[in-house]
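Student: just a sequence and a predicted model for now, questions to come.
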Amino acid sequence: MSAVVHYRVQGAVARLTLDSPHNRNALSTALVEQLHQGLTDAADEPGVRVVVLGHTGGTFCAGADLSEAAGQDPGEIAVDRAREMTRTLRAILELPVPVIGAIDGHVRAGGMGLIGACDLVVAGPQSTFALTEARIGVAPSIISLTLLPKMSPRAAGRYFVTGEKFGAAEAAEIGLITQAADDVESAVAALTAEIAKGSPQGLATSKALTTASILRRFDEDAEALTRQSAQLFVSDEAREGMMAFLQKRPPNWVTG
């Protein structure tokens with residue numbers, strides 16, 4: 001299996017880099033498995049105090065890799081992908097060291113969930129964000145678990161339904177990211193230097209305080225949201241929305 005997530009340690013920093021630009025760093029089985037392994041390796045590395053999650057190419061992550069779905073039952077695919085997404089988001093939240101998202105590219109679908117799970121996110125000038133699920137007949141069901149606790153209620157009420165694209169400055173304003181920066185690497189280096197001063201126990205316990213309420217909602221709502229996601233995915237509206245997207249035409253519910 002070729003590497004689509006690269007792992008390296010520099011002092012107190014473990015770097016995980018999504019490197020599958022041919023499919024916009026989609027959440028393929030290989031990428032998800034390697035991301036989980038990288039998170040496990042970082043947690044087991046005694047000197048690591050912080051993880052930086054970055055990417056190659058112009059897209060941080062475009063969401064699920066639907067190309068792997070050929071020939072499979074759509075309902076089963078939807079459930080499997082939703083559960084895989086839940087597991088991935090939870091792995092970031094439960095990691096005993098802080099995770100910084102280092103973004104300078106497009107973020108969509110499951111990629112939005114990933115940055116919601118990160119403890120801090122720095123985004124550069126090439127970054128764009130959007131929640132376009134409603135435009136194809138589905139909803140950001142699973143990723144709402146990490147997005148709603150981070151985004152302001154007014155912003156969530158807007159961007160969950162409009163599908164508008166927005167940049168790093170707006171993302172920082174609404175709480176989706178920590179910081180908009182012209183130089184992502186310099187901003188991330190400054191944050192990692194501060195975090196590296198913390199003790200393993202201090203960092204793990206402090207992070208756990210910030211993620212406890214999010215994880216409680218996982219326990220309460222993840223299964224229901226998984227079922228919701230599956231039902232939406234196999235609906236007539238979703239089939240029409242996805243076909244319209246592939247055919248580059250408006251779906252049948254758009255008039256005028």
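Tutor: Noted; the coordinates are in hand.

Student: so R158 makes contact with E164?
Tutor: Yes. Counting by Cβ atoms under 8 Å, R158 touches E164, with 7.4 Å between them. In short, each C-beta sits where N, CA and C put it, glycine included.

Student: who's more crowded, these two?
Tutor: R158 (15 against 12; other Cβ atoms under 10 Å).

Student: so which helix or strand takes in the more buried one?
Tutor: helix 153-162 (DSSP states H and E).

Student: gap between that helix and the chain center?
Tutor: 17 Å (Cα atoms, centre = their mean, to the nearest Å).

Student: for it, C-alpha coordinates in CSV please.
Tutor: Provided in CSV are the C-alpha atoms of helix 153-162 (Å, rounded to 0.1, in the frame of the first residue of the first chain):
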residue,chain,number,x,y,z
PRO,A,153,-24.8,29.6,16.2
ARG,A,154,-25.6,32.4,13.7
ALA,A,155,-22.8,31.2,11.4
ALA,A,156,-23.9,27.6,11.5
GLY,A,157,-27.5,28.7,10.8
ARG,A,158,-26.2,30.5,7.7
TYR,A,159,-23.6,28.2,6.2
PHE,A,160,-25.3,24.9,6.9
VAL,A,161,-28.1,26.0,4.6
THR,A,162,-26.7,28.4,2.1
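
Student: list the buried residues for that helix?
Tutor: The neighbour-count check on helix 153-162 (16 or more other Cβ atoms under 10 Å) flags 155-156, 159-160 as buried.

Student: got the end-to-end distance for stretch 126-140?
Tutor: End-to-end span of stretch 126-140 (Cα to Cα, to the nearest Å): 23 Å.

Student: give me the mean pLDDT for it.
Tutor: Here stretch 126-140 scores 95 as its mean pLDDT.

Student: for it, the distance to its chain's centre please.
Tutor: Centre to centre, stretch against its chain (Cα atoms, centre = their mean), the figure for stretch 126-140 is 12 Å.

Student: cool, stretch 130-150 as well?
Tutor: On Cα atoms, centre = their mean, the centre of stretch 130-150 falls 11 Å from the chain's centre.

Student: stretch 6-24 now?
Tutor: That offset, for stretch 6-24, works out to 15 Å (Cα atoms, centre = their mean).

Student: in it, what's buried?
Tutor: In terms of neighbour count (16+ other Cβ under 10 Å), stretch 6-24 has its buried residues at 7, 12-20, 23-24.
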